[in-house]
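Trainee: coords please:
(one chain, ligands or ions: 1)
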Amino acid sequence: MNEKIRINRKLLEIKPSGIRKFFDLIIGREDIISLGVGEPDFPTPWRIREEMIYSLEKGITSYTSNNGLEELREEISRYYSKFGFTPDPSNIVVTSGVSEGFDISLRALINPEDVVLVPEPTYVSYSPLSVLCGARVITISTSPDFRLTYEHIIENSRLIEPKVLILNYPANPTGVSYDRKELEEIADAVIEKDMIVISDEIYSELSYNFSHKSIAGLNGMEDRTVVLNGFSKSFAMTGLRVGYVIAPDDIVDAILKIHQYSMLCAPVTSQIGAIEALRNGEDELEEMKTEYLRRRNFFVRKIKDYLEIKEPEGAFYAFPSIKETGLSSEEFAEKLLLEKNVAVVPGNAFGESGEGFIRCAYAVSMDKLRLAVDNIIEFVNSL
Ligand code: PLP
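Mentor: Residues are numbered from 1 along each chain as shown. From the prediction side, this is the model:
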């Protein structure tokens, strides 16, 4: 057995998540204010929990059809029209979160050595899961303003023929989002290079400066876009593990094949909660969004005199530059944690082009955010 490698070789190329590594340090520490984890601080709205409890009382605990409850897929189809296109329910597969949706979409699309373009800074899962599928990952640095453009895509596909572009907006970790004109330019490049987009729109409800539009709704893009979305962030349902994929006929068939052999179906209780979220959850969603916006405005207003920061357009992350402090992202985050008990994520956890930045999630109560901001300012002043 010794000479044989017991573990999938591809895993040797993958580093553990920079976020997890950092947060193992603070597990169980009550004295730390964490702006680290990208998770809503609200409980799932009561009306959603109540529907789920009621369904359990009724004994609804079985598998659902592989692609998800029909009622839920019909709701998703209606709901998505607010983002600019109305998919047929047959083009939707309900998944165990966007995480599963992303994994099975890639597996449905990628043959060994296919090239995947990943704009950086990037959500931590995209590159590792692409590598695991056997893809060649080409990262695109979007420095200095972290906006992906037509030129970025064309420039990075001059010598290769990429098959898939990963798009995420509003973005984790930068908070950048794209308006219609910017999306049209990205779409032009995708069409010119005959690519497929996996568009992770999980923060679509948390778009503060303009209303979110799906790239799938732009001319000709529906046939080359796999949309990922879910309930974790917008409806504070992270642990319930429910999301969905919307894809063209051939791709959705392939995705469903993998889903039915691997996951069978998303948890039925969560699917029932998701139906309630889409039918009656609008008010709670607006309340949470208003609160995130208040926190964003507070954070940016306070921090901008001490660290360079661009106003995040969406999600619940701010991504200030710490370059002027002379510290690396990791040094800054470690010292801030040790000296001021505030946890943030070093920008390099999101790829090389995140170096010189820190990610601060403002999904914490206003009281904690105030304290965290005061401590960050004190820390920067002490340097
Ligand atoms: N996509 C992005 C951009 C995220 O930030 C996250 C979670 O932080 C996920 C996907 C995971 O979503 P889910 O909980 O639906 O698996």
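Trainee: would you map the helices across the protein?
Mentor: Assigned helices in the chain, in chain order: 18-24, 46-57, 70-80, 97-109, 126-132, 150-155, 180-192, 249-262, 268-280, 282-303, 329-340, 366-382 (criterion: DSSP state H).
Trainee: and the chain, what are its domains?
Mentor: Taking automatic domain parsing as the criterion, the chain consists of the domains 9-44+283-382, 61-280.
Trainee: returning to that earlier point: how about the helices of the chain in CSV, adding distance to Glu352 and mean pLDDT?
Mentor: C-beta coordinates here come from the backbone N, C-alpha and C atoms, glycine included. Putting the helices of the chain into CSV (distance: least, C-beta to C-beta, whole Å; pLDDT from 0 to 100) gives the following:
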stretch, distance to Glu352, mean pLDDT
helix 18-24, 12, 70
helix 46-57, 39, 98
helix 70-80, 34, 98
helix 97-109, 22, 98
helix 126-132, 11, 96
helix 150-155, 15, 97
helix 180-192, 22, 98
helix 249-262, 31, 98
helix 268-280, 36, 98
helix 282-303, 24, 98
helix 329-340, 11, 95
helix 366-382, 24, 97
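Trainee: comparing those, which comes out most buried?
Mentor: Of the helices of the chain, the one with the most neighbours on average (mean count of other C-beta atoms under 10 Å) is helix 97-109, at a mean of 23.
Trainee: and the residue of the protein closest to the ligand?
Mentor: Taking C-beta to the nearest ligand atom, the ligand has its nearest neighbour within the chain at Gly97, 2.7 Å off.
Trainee: was I right about that residue contacting Leu228?
Mentor: No - Gly97 lies out of contact with Leu228 (C-beta atoms under 8 Å); the separation is 9.4 Å.
Trainee: so what sits against both of the two?
Mentor: Counting by C-beta atoms under 8 Å, 6 or more residues apart in numbering, the common neighbours of Gly97 and Leu228 are Gly243.
Trainee: can you list the residues of the stretch 51-200 of the chain near the ligand?
Mentor: 97-99, 123, 168, 172, 200 (C-beta under 6 Å from any ligand atom).
Trainee: repeat the analysis, applying 8 Å as the threshold.
Mentor: Residues of the stretch 51-200 of the chain found near the ligand (C-beta under 8 Å from any ligand atom) are 96-102, 123, 125, 168, 171-172, 200.
Trainee: could the helices of the chain be laid out in TSV, adding distance to Lys10?
Mentor: Formatted as TSV, those follow (distance: least, C-beta to C-beta, whole Å):
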stretch	distance to Lys10
helix 18-24	19
helix 46-57	37
helix 70-80	33
helix 97-109	13
helix 126-132	5
helix 150-155	26
helix 180-192	27
helix 249-262	17
helix 268-280	30
helix 282-303	37
helix 329-340	26
helix 366-382	38
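Trainee: identify whichever of those helices lies nearest to Ser141.
Mentor: The minimum distance between Ser141 and those falls on helix 150-155, with 8.4 Å, by C-beta to C-beta.
Trainee: just to revisit the earlier point, show me which pair in the residues of the stretch 51-200 of the chain next to the ligand is furthest apart.
Mentor: Pairwise distances across these (C-beta to C-beta) peak at 22.6 Å, for the pair Ser96 and Ala171.
Trainee: comparing these two, which residue is more hemmed in?
Mentor: Set Ser96 next to Ala171 and count neighbours by other C-beta atoms under 10 Å: Ala171 wins out with 28 against 22.
Trainee: so that one sits right up against Tyr178, yeah?
Mentor: No - using C-beta under 8 Å, Ala171 makes no contact with Tyr178, being 9.1 Å away.
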